[in-house]
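> Predicted model and sequence follow; I will ask about them next.
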Amino acid sequence: MSTSVPAGMHPRLHRAYSRHVEGLTRIGTQSQFYFTTVAGIRDALVHYKGETVRLIAQMSLGTGALAIIGGTVVIVGFLTLSTGALVAVQGYNQFANVGVEALTGFASAFFNVRLIAPVIAGIALAATIGAGATAQLGAMRINEEIDALEVMGVRSVAYLASNRVIAGVIVVMPLYCVAMITAFLAARFGTTVIYGQSSGVYDHYFNTFLNPTDIIWSFFQAVLMAIVIMLVHTYYGFNASGGPAGVGEAVGRAVRTSMIAAVFVVLFVSLAIYGQSGNFNLSG
């Protein structure tokens, strides 16, 4: 894209000016694609319901060889299982240093719901569903399949991008249920079985500090992350270029961008929901 540059500009300033203009142009192009994708959700639900169902099955349980191990469900479960176990290890030992190891149940109910489970689920979504969507769309782009769809009169953005956003949002709900359950079970198992804490003590503090409203907000965070992650990944896949190497580069850029975006979603949504006080009181 050609940009008008003031005459007589120093070459170094010219390069800085060009990079600045290219960055703004890239942001504008991405924003336009995101708006078109969100606007195409209606067309996807009306005209391409079969493709939406197929993508939901592919993203959740996997197809072909991936179906043997359960696809994304198993990956998300193992990731949150490990983080829940780390909550038990770190929480019990840190609380034991000050003689309040009974509060490990509080750590599981508080940190898993508000921070750990949303972030880990976002990373898992970006590394599995998101990366797969980028690779699929990138391969279609370099093989000119997207151009063929447009020639046939298919709304390519709605058919390819909007459908994947819908599927990602639908899939993330049961996936996040799995993530929360495995994180809770791993923390409880590590604390009560490995460290030997009484299950009654653990359950008391866990149930006392587990706020159902926090769980609802946590699911809201997961849905927002799924929307942002799928928008980012579909953009990079839809606009991939440069052959197979270009597709790999697009996947890397998409994963990097979506992970950063997911963390910012958790940060800003947490600030908006809990504010400075955190909506939390610890009392005896």
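Now that the structure is in, tell me what you want to look at.

> Going along the chain, name the helices of the stretch 1-150 of the chain.
For the stretch 1-150 of the chain, applying DSSP state H, counting those that start in this stretch gives helices covering 11-39, 41-47, 49-60, 72-97, 104-111, 117-125, 131-142, 145-151.

> Least confident of those helices, on average?
If you rank the helices of the stretch 1-150 of the chain by mean pLDDT, helix 11-39 sits at the bottom with a mean of 78.

> Centre of the chain to that helix, how far?
24 Å (CA atoms, centre = their mean, to the nearest Å).

> Offset the numbering so it begins at 500, please.
Got it, the first residue is 500 from now on, which makes the last one we talked about helix 510-538.

> elements contacting it?
On a contact count with 3 or more CB pairs under 8 Å, 6 or more residues apart in numbering; DSSP states H and E, helix 510-538 meets helix 711-737. Heads up, the C-betas are built off the backbone N, CA and C, glycines and all.

> relative orientation of the helix it packs on and helix 616-624 in degrees?
20 degrees (axes from the mean of the first three to the mean of the last three CA atoms, to 10 degrees).

> Now do helix 711-737 and helix 510-538, the angle between them.
120 degrees.

> Just the buried positions in helix 711-737, please.
Of all the residues in helix 711-737, those buried under the rule 16 or more other CB atoms under 10 Å are 713-714, 716-718, 720-721, 723-737.

> on that earlier part again, can you redo the helices of the stretch 500-649 of the chain as CSV with distance to E748 and mean neighbour count?
Shown next, in CSV, are the helices of the stretch 500-649 of the chain (distance: least, CB to CB, whole Å; neighbours: other CB atoms under 10 Å):
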stretch, distance to E748, mean neighbour count
helix 510-538, 15, 12
helix 540-546, 27, 15
helix 548-559, 23, 17
helix 571-596, 23, 19
helix 603-610, 36, 24
helix 616-624, 20, 24
helix 630-641, 9, 22
helix 644-650, 18, 14
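
> I693: which of the ones you listed is closest?
Smallest distance to I693 across the helices of the stretch 500-649 of the chain (CB to CB): 7.2 Å, for helix 571-596.

> From the chain's centroid, how far away is that closest one?
Remark: helix 571-596 is offset 19 Å from the chain centroid, using CA atoms, centre = their mean.

> for stretch 735-746, same thing?
The answer for stretch 735-746 is 21 Å, by CA atoms, centre = their mean.
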